[in-house]
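Asks: The following block contains a protein sequence and its predicted model.
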Amino acid sequence: MDPLARGKTLGILGGGQLGRLIAEAAKELGYRTAALDSSRSSPALQVVDIPIVGAVDDELAALRLAEASDLLTLEWELIPVKVLETAAKARTLFPAPSVLAVIRDRLTQRNFLARHGFPQTPYGEATTAAGWKYPVILKRRTHGYDGKGQCRLLSEADRPNAAEVLKAPCVWEKLVDFKTEISVILARGRDGKTAVYPVAENTHRGGILHATRAPAPLPRDVEAAAVALAIKIADALGHVGVMAVEMFLLHDESLLVNEIAPRVHNSGHYTLGGCAVSQFEQHVRAVCGLRLGDPGLLEGQAAMVNLLGDLWEKGEPKWSVLDAIPGAKLHLYGKSDPRPGRKMGHYTIVGAAANTEFARADERLEALRG
Ligand code: AMP
């Protein structure tokens, strides 16, 4: 299959900030862009050449996107597989629907990891309490993300707290006592070649990514093990495009896979400005059949801090705070309604200040709040 020729149209299923950043990278590479989202004012539909308004779980809407495009990709893994299959019959779609069929349900994702012997925390289907030892975390099998649709139970006494989450099918996972959370972002091309970004360290607040820094301060062998694990997962899935593997680093330096995202990922936002080729450009390169670019850091280190809607509580944040940080750059996603917990934007810090800024993220957010 030939690479997608410049001037052809890359269509994106989903219109959030990830789609917007993919579209901007695609345009820089000389492609036209289309995206599908239910809202005309969604982040991606604001910037693409061909905005298509319709629900991402609607087959006819997906077909309209396919007709307007020469090649398809996605920015969201929760699109129903049937819709993806319909779209993929009309135009080539990367990643393939079969990859999403494994990933979009936490149980099939965990079963896939188990089948291949990839390390993970003990888990099961949360239909009965059999085999479930406290402390556990319950997670909705689908549509739970950013800590939503999850509930931690430290003992049987917490059981009543799980009633809401258990209204939909869930998995249980043994709660992991980890030292750090890391993620490996990689791109896998149509030819199976991979390009891997420096391993990132992540902190979360309330289940939502808070800050990332790269490279994570890891012993070389741990870093190599994390990279090797992520590549094996991408190969086993037959993935094409960018993929993120979130992992827990335990106190004994062993690794457990937490979650796979078959798409560009929030913990890879530092690559935009921080690396020679961003995860967004790399994704476009991978799906369009171009040669993968250089994933190396430009200035040795980079960090990213998420900006959630809570920050707008007292009005527009004081952006001048960021102007005073060397190497800092603001990215806003064009969302007009800053609800608490909603990802409105992020800032990156590239270069020498990245590590200290990663540690000072809370303090900076306080100052931004005014
Ligand atoms: P997830 O949506 O699965 O990525 O979970 C969001 C966050 O919750 C993770 O980044 C961790 O901080 C935490 N978390 C998820 N699963 C576990 C687990 N099994 N043990 C401990 N913490 C977890």
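Replies: Looks like it came in fine.
Asks: Doesn't G124 belong to a strand?
Replies: Yes. The assignment for G124 is a strand, going by DSSP: H, G, I helix; E, B strand; the rest coil.
Asks: Check the spacing between L292 and the ligand real quick.
Replies: 26 Å (C-beta to the nearest ligand atom, to the nearest Å). Every residue, glycine included, has its C-beta placed from N, CA and C.
Asks: burial measure for that residue, as a count.
Replies: By other C-beta atoms under 10 Å, 19 other residues sit near L292.
Asks: where does it land on pLDDT?
Replies: Confidence at L292, expressed as pLDDT, is 98.
Asks: Okay, and it sits in which element?
Replies: Counting by DSSP states H and E, no helix or strand carries L292.
Asks: isn't E77 right next to L100, touching?
Replies: Yes. Using C-beta atoms under 8 Å, E77 makes contact with L100 at a distance of 5.7 Å.
Asks: more neighbours, those two?
Replies: L100 (25 against 19).
Asks: quick one: contacts for that one?
Replies: Applying C-beta atoms under 8 Å, 6 or more residues apart in numbering to L100 gives the contacts 74, 77, 79, 81, 84, 262.
Asks: residues in contact with stretch 40-51?
Replies: Applying C-beta under 8 Å, 6+ apart, the external contacts of stretch 40-51 come out as 9, 11-12, 14-17, 19-20, 22-24, 27, 32-35, 37, 39, 52-53, 68-69, 75, 333-336.
Asks: should've said stretch 335-346
Replies: Counting by C-beta under 8 Å, 6+ apart, 17, 41, 43, 146, 206, 208, 266, 269, 304-313, 330-333 sit against stretch 335-346.
Asks: tell me which residues of it are tucked away?
Replies: For stretch 335-346, burial by neighbour count (16 or more other C-beta atoms under 10 Å) applies to 335, 338, 342-346.
Asks: again with stretch 134-145
Replies: So, applying 16+ other C-beta under 10 Å, buried residues of stretch 134-145: 134, 136-142, 144-145.
Asks: Which ones among those lie within strands?
Replies: Counting by DSSP state E, the buried residues of stretch 134-145 place 136-140 in strands.
Asks: Let me know the closest of the residues you listed to the ligand.
Replies: Of all those, the ligand sits closest to I137, with 4.8 Å by C-beta to the nearest ligand atom.
Asks: The contacts of stretch 40-51, buried ones only, as a ChimeraX selection?
Replies: To isolate the buried members of the contacts of stretch 40-51 in ChimeraX, using 16+ other C-beta under 10 Å:
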select :9,11,12,14,15,16,17,19,20,22,23,24,27,32,33,34,35,37,52,53,68,69,75,333,335
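Asks: Is the most far-flung residue of the chain relative to its centre in a helix, a strand, or coil?
Replies: Farthest-out residue of the chain from its mean C-alpha position, per C-alpha atoms, centre = their mean: A157, at 33.9 Å. Three-state call for A157 (three-state DSSP): helix.
Asks: Distance check, it against the ligand.
Replies: Taking C-beta to the nearest ligand atom as the measure, A157 falls 19 Å from the ligand.
Asks: out of the contacts of stretch 335-346, which touch the ligand?
Replies: The subset of the contacts of stretch 335-346 within reach of the ligand, by C-beta under 6 Å from any ligand atom, is empty.
Asks: And the strands in the stretch 151-300 of the chain?
Replies: Using DSSP state E, counting those that start in this stretch, the strands of the stretch 151-300 of the chain run over 170-174, 178-188, 194-196, 200-205, 208-214, 241-250, 255-261.
Asks: quick one, which of these is nearest to G124?
Replies: Set against G124 and scored by C-beta to C-beta, the strands of the stretch 151-300 of the chain come closest in strand 170-174, at 5.6 Å.
Asks: Output the contacting helices and strands for that closest one.
Replies: Under the contact criterion of 3 or more C-beta pairs under 8 Å, 6 or more residues apart in numbering; DSSP states H and E, strand 170-174 touches helix 106-115, strand 123-125, strand 136-140.
Asks: Go ahead and name everything in contact with the second one.
Replies: Right, the one you point to is strand 123-125. If you take C-beta under 8 Å, 6+ apart as the criterion, strand 123-125 is touched by 107, 110, 130-132, 169-174.
Asks: I'd like to know how far the residue of the stretch 251-370 of the chain found nearest the ligand sits from R141.
Replies: Nearest residue of the stretch 251-370 of the chain to the ligand: E259, at 4.5 Å (C-beta to the nearest ligand atom). Relative to R141, E259 is positioned 13 Å away (C-beta to C-beta, to the nearest Å).
Asks: How about T348?
Replies: 33 Å.
Asks: how many neighbours does the closest residue to G192 other than its chain neighbours have?
Replies: Once flanking residues are discounted, G192 sits nearest to D235: 7.0 Å by C-beta to C-beta, 6 or more residues apart in numbering. D235: 13 surrounding residues under other C-beta under 10 Å.
Asks: swap in D58?
Replies: For D58, the tally of surrounding residues (other C-beta under 10 Å) stands at 15.
Asks: Also M1?
Replies: Neighbour tally, M1, other C-beta under 10 Å: 7.
Asks: got it, and S155?
Replies: 9.
Asks: now swap in F178 and tell me
Replies: As a burial measure, F178 scores 16 neighbours (other C-beta under 10 Å).
Asks: what separates it from Y197, distance-wise?
Replies: 21 Å.
Asks: from the buried residues of stretch 335-346, which two are the most distant?
Replies: P338 and H346 (13.8 Å).
Asks: Quick one: mean pLDDT over stretch 71-82.
Replies: Per-residue pLDDT over stretch 71-82 has a mean of 95.
Asks: Do me a favour and get the end-to-end distance for it?
Replies: Chord length of stretch 71-82, first to last residue, is 18 Å (C-alpha to C-alpha, to the nearest Å).
Asks: Please say whether there is contact between it and the ligand.
Replies: No. Using C-beta under 6 Å from any ligand atom, stretch 71-82 stays clear of the ligand, coming no nearer than 12.1 Å.
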